[in-house]
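Undergrad: just coords:
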């Protein structure tokens, strides 16, 4: 019976490592567990499309976050000024 594990040196290509196995939990990272079957073309395409969709959503969220920085800064500054003025009135400075 063929062993389920092979060393990282045996599969030196990056694509071979990506599609042929995952790190074994108890091997210390030196051995890889081989998948029972290679992914189909449909599964690879679906994985790439889902990754691209997730990356685009992440990028859009980062864009929205940066686009809303100035209004948030303005609100924080107004709040800070309000608190300062209120404290000046209360303390009588």
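TA: Here it is on my side, so go on. Given the structure is predicted, the values throughout are model-derived calculations rather than measurements.
Undergrad: Show me the shaky parts of this protein.
TA: Counting by pLDDT under 70, the chain shows low-confidence ranges at 1-33, 93.
Undergrad: all strands for it, in order.
TA: 5-7, 21-23, 31-34 (DSSP state E).
Undergrad: How is this structure divided into domains?
TA: In terms of domains, the chain is parsed into 1-38, 39-93 (source: automatic domain parsing).
Undergrad: Can you spell out which helices and strands pack onto the biggest helix by length in the chain?
TA: If you go by DSSP state H, the chain has its longest helix at helix 41-67. Contacts defined by 3 or more C-beta pairs under 8 Å, 6 or more residues apart in numbering; DSSP states H and E place helix 41-67 against no helix or strand at all. All C-beta spots, glycine's among them, are computed from the backbone N, C-alpha and C.
Undergrad: Can you tell me the number of residues neighbouring residue 43?
TA: By other C-beta atoms under 10 Å, 10 other residues sit near residue 43.
Undergrad: ok, so what distance separates it from residue 52?
TA: Distance, residue 43 to residue 52, by C-beta to C-beta, to the nearest Å: 15 Å.
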